[in-house]
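Colleague: missing the sequence, but the structure's below:
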């Protein structure tokens, strides 16, 4: 057996160029398959990560301006959100799991801590606003607004991490005080958006905002509701229509007037986005399989040429007493060795490139916070199956012409060119 392997290695060394081209076809096929599949998975994972940062079932509503006359009302009427809208969202709309709402106390409030100042947004919010909006409290940095804060209209605030960096550099602000438009608030937490939102805002209890800024019953700037049991794009589209009809009836505007009520359905957009990425994945698979087939064709052609070139050699071997089986075995083992080694090289190079890309992306996150490309991995099982397909293809490509070549009489084989 050792003699056989030594003979195979001697043959490979004597035909380095041919061996390289055979191996390159295998390595390139595996390498490109890994790169293509990893790229598709990386893009898909990036989009999934962005959606995972906020509630996939969240539906955002905000007041707009009518563009259609309706029931005696002229177009151009500015809508206002009131506690009746909140009641509608919480009690009358189907599938609603939870509801959060907000009031923009100021889009350019002056925040100050001693001689450090900055201009940021100030929002009055409910307790579940953070979960629906994709906001998290930084580790060791307190909490978000809670139910007791709202019930007692406490003057407490949770600030964005960017505000903290300006007003409280290199220190934990929890328990300290910050002045916002001449009103002093106790800092209870530092938060950060998980999504691409780059807003710099402070959050106070909705009840506190209402008492300080006296916005009354019609001053809410937005409602976020989480709807369960909506699985398909059609169900989400029908639910959007239900919401518009409910608010249209409450505010007397045309349900078909899209400008009267702003609406963004995360679930609907997630489903549509994932459909696009499934199409991209399918395209990547088609290209990847095409690349693999090209590798198979390359290996097959080279093996055909190899066997044909060695027909004279096979005649000499038979004349010296070598059996047809031993000659075929030599060809097949040579094919397995080349495809296995170069397939492994292509696999390692592909994995290395994807890991390098993943490392670079993780080291240079997007400024907006959105993740475009994440964790470009490929199932090892898929790669092993692809490699086995190439190896089997090489065996078949070597066996058929080898079988034909060894069936030729030695004298005829010696005459071949």
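Modeller: On my side now, so go ahead. A quick note: this is a predicted structure, and the numbers were derived from the prediction, not measured.

Colleague: what bits of the protein have low per-residue confidence?
Modeller: Applying pLDDT under 70 to the chain picks out residues 1-8, 11-12, 14-15, 48-55, 195-197, 216, 309-310, 363-373, 405, 408-417.

Colleague: C-terminal to the longest helix anywhere in it, what's the next element?
Modeller: Across the chain, the longest stretch assigned as helix under DSSP state H is helix 266-309. Once the chain leaves helix 266-309, the next helix or strand it forms, by DSSP states H and E, is helix 311-319.

Colleague: what comes up buried for whatever helix or strand comes next after that following helix?
Modeller: As assigned by DSSP H and E, the chain's next helix or strand after helix 311-319 is helix 324-363. Of all the residues in helix 324-363, those buried under the rule 16 or more other C-beta atoms under 10 Å are 327-328, 330-340, 342-343, 345-347, 349-351, 354, 357-358, 361. Placement of C-beta: from N, CA and C, glycine included.

Colleague: before we move on, back to that, which elements pack onto the longest helix of the chain?
Modeller: Where contact means 3 or more C-beta pairs under 8 Å, 6 or more residues apart in numbering; DSSP states H and E, helix 266-309 is packed against helix 16-52, strand 58-63, helix 233-251, helix 324-363, helix 380-406.

Colleague: and if we set it to 7 Å?
Modeller: Under the contact criterion of 3 or more C-beta pairs under 7 Å, 6 or more residues apart in numbering; DSSP states H and E, helix 266-309 touches helix 16-52, helix 233-251, helix 324-363, helix 380-406.

Colleague: Tabulate those helices (a markdown table), appending distance to residue 275.
Modeller: Output for these, formatted as a markdown table (distance: least, C-beta to C-beta, whole Å):
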| stretch | distance to residue 275 |
| --- | --- |
| helix 16-52 | 11 |
| helix 233-251 | 8 |
| helix 324-363 | 25 |
| helix 380-406 | 23 |
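
Colleague: quick one: which of the ones you listed is nearest residue 156?
Modeller: Evaluated over those, closeness to residue 156 peaks at helix 16-52, with 28.9 Å, by C-beta to C-beta.

Colleague: helices or strands next to that closest one in the packing?
Modeller: Helix 16-52 packs on helix 266-309, helix 324-363, helix 380-406, going by 3+ C-beta pairs under 7 Å, 6+ apart.

Colleague: Can I get those helices in TSV including distance to residue 139?
Modeller: Formatted as TSV, the helices and strands packed on helix 16-52 follow (distance: least, C-beta to C-beta, whole Å):
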stretch	distance to residue 139
helix 266-309	26
helix 324-363	19
helix 380-406	34
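
Colleague: The ones you listed: which one's closest to residue 113?
Modeller: Using C-beta to C-beta, the nearest of the helices and strands packed on helix 16-52 to residue 113 is helix 324-363, at 32.4 Å.

Colleague: the inter-axis angle of that closest one versus helix 311-319?
Modeller: Orientation check (axes from the mean of the first three to the mean of the last three C-alpha atoms, to 10 degrees): helix 324-363 against helix 311-319 gives 130 degrees.
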